[in-house]
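Q: sequence and predicted structure below; questions after.
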Amino acid sequence: MRGNDRDFSLELSDEDIAVDVVNGKRELFRLLIDRHERRVSGLGYSFFHNADEVADFVQDVFLKAFRSLSQFQRRARFSTWLYRIAYTSALNQMNRRREYKSLSENDYESAHRTPEEDHIKALLRGAVRQAVTELPEKYRVCVDLFFFYDRSYSEIEMITGYPVNTIKSHVFRAKKLLREKLKGFVEGGIP
């Protein structure tokens, strides 16, 4: 692929790239991987405990997506369709293992902070992490998708299969539970 073609490809939407891949430009699928690998990996870390399992999960998700790309009908954003594949794959694997670890247990930020800011952030992250891990699984999934992945309620519905009103209820209840769990931490100040 020439440089100009690659630059042009970067301007294409995910949906346009998906159509091009289905129409024979298979090499463009790499762009979709590059654009979404980090988020799919993040979702993988929500379910799996180590980097090797996550790497296998990510590879499996993109392989499934590639194989079923012709079924992508553009009713939703490509990312929503892809995250549905990822979420379903993770659930299928977890149903065999029956465990779930929330995304909040991973810190993907790489900002430059002072040691004091790092310490405060670590304390806050630890308190939030503990509170989120104590949420029921159905609440954690909705909270992860809504807050960490910036998915809309309708996108979460497509991904999880939960009705929108159920998702809203789960997020509302999760926020209420988190507020209660973190109340002492916030009121008492940082230890």
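A: Happy to help now that I have it.

Q: helix or strand right after the helix or strand containing residue 64?
A: Residue 64 is part of helix 51-67, with elements assigned from DSSP states H and E. Using DSSP H and E, the helix or strand that directly follows helix 51-67 along the chain is helix 78-97.

Q: in terms of secondary structure, what does the helix holding residue 64 contact?
A: helix 29-47, helix 78-97 (3 or more CB pairs under 8 Å, 6 or more residues apart in numbering; DSSP states H and E). C-beta here means a position set from N, CA and C on the backbone, and glycine is covered the same way.

Q: what does that helix rub up against?
A: Helix 51-67 is touched from outside by 21, 29, 32-33, 37, 40-41, 44-45, 47-48, 81-82, 85-86, 89-90, 93, with contacts defined as CB atoms under 8 Å, 6 or more residues apart in numbering.

Q: closest one to residue 168 among the helices and strands packed on helix 51-67?
A: Closest of the helices and strands packed on helix 51-67 to residue 168 is helix 78-97, at 17.4 Å (criterion: CB to CB).

Q: how many neighbours does residue 14 have?
A: Residue 14 has 17 neighbours, counted by other CB atoms under 10 Å.

Q: which ones are touching residue 151?
A: Neighbouring residues of residue 151 by CB under 8 Å, 6+ apart: 80, 83, 145, 159.
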